[in-house]
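> Okay, predicted coordinates and the sequence, questions at the end:
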Amino acid sequence: MQRIILFDGVCNFCSSSVQFIIMRDPDFKFQFASLQSEKGQQLLAKHHVCLDIDSMVLIEKDRVYTKSTAALRIANELKGVYQLFAIFLIIPKPVRDIFYTILAKNRYRWFGKKDQCMIPKPADKQRFLDT
């Protein structure tokens, strides 16, 4: 099954999160594209997602997940104890998304911002759709 994660390519926290996922995804379940890339914009348009979305996006079997739901569904597919975080999916989405929104709104201030999108390591390049 194809799973695509769209992420903010200039956000330090988001780029670090992608590296975190790659290290815990030895089965290559996920592919990646930055929200700012041409491929990312095409996927957002194809799935009728606002082009200026302020969230990580998970596309899975032509379904789109955003905010905390995307993060928790991703965690559920990773190796190790991270699957345990999926239990938080029982919490109503509006409550979960309060915390996600706080992080998203402050991510540049708390973690910094790059001038350009992250460039994947050569070993990871095949996992990125926009390289």
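The structure has been received and is ready for your questions.
> any idea of the mean pLDDT for the longest helix seen in the chain?
Longest helix in the chain, counting residues (DSSP state H): helix 93-111. Averaged across helix 93-111, pLDDT comes to 92.
> In terms of secondary structure, what does it contact?
Under the contact criterion of 3 or more C-beta pairs under 8 Å, 6 or more residues apart in numbering; DSSP states H and E, helix 93-111 touches helix 12-23, helix 67-77. Any C-beta I mention is one placed from the backbone N, CA and C, and that applies to glycine too.
> residues of it that come out buried?
96-97, 100, 104, 107-108 (16 or more other C-beta atoms under 10 Å).
> What of stretch 53-62?
53, 55-60.
> I'd like to know which of the residues you listed are part of strands.
Using DSSP state E, the members of these that fall in strands are 57-60.
> How far off centre is stretch 25-42?
8 Å (C-alpha atoms, centre = their mean, to the nearest Å).
> Identify all contacting residues around it.
Stretch 25-42 is contacted from outside by 1-10, 18, 21-22, 43-44, 51, 53, 57, 74, 77-79, 117-118, 120, 127-130, using C-beta atoms under 8 Å, 6 or more residues apart in numbering.
> now with 6 Å?
When contacts are defined by C-beta atoms under 6 Å, 6 or more residues apart in numbering, stretch 25-42 is touched by residues 3-6, 8-9, 18, 77, 117, 127-130.
> quick one on the thing from earlier: buried deepest among the helices and strands packed on helix 93-111, which one?
Of all these, helix 67-77 carries the top mean neighbour count, a mean of 20, counting by mean count of other C-beta atoms under 10 Å.
> Report all helices and strands that that one contacts.
strand 57-60, helix 93-111 (3 or more C-beta pairs under 6 Å, 6 or more residues apart in numbering; DSSP states H and E).
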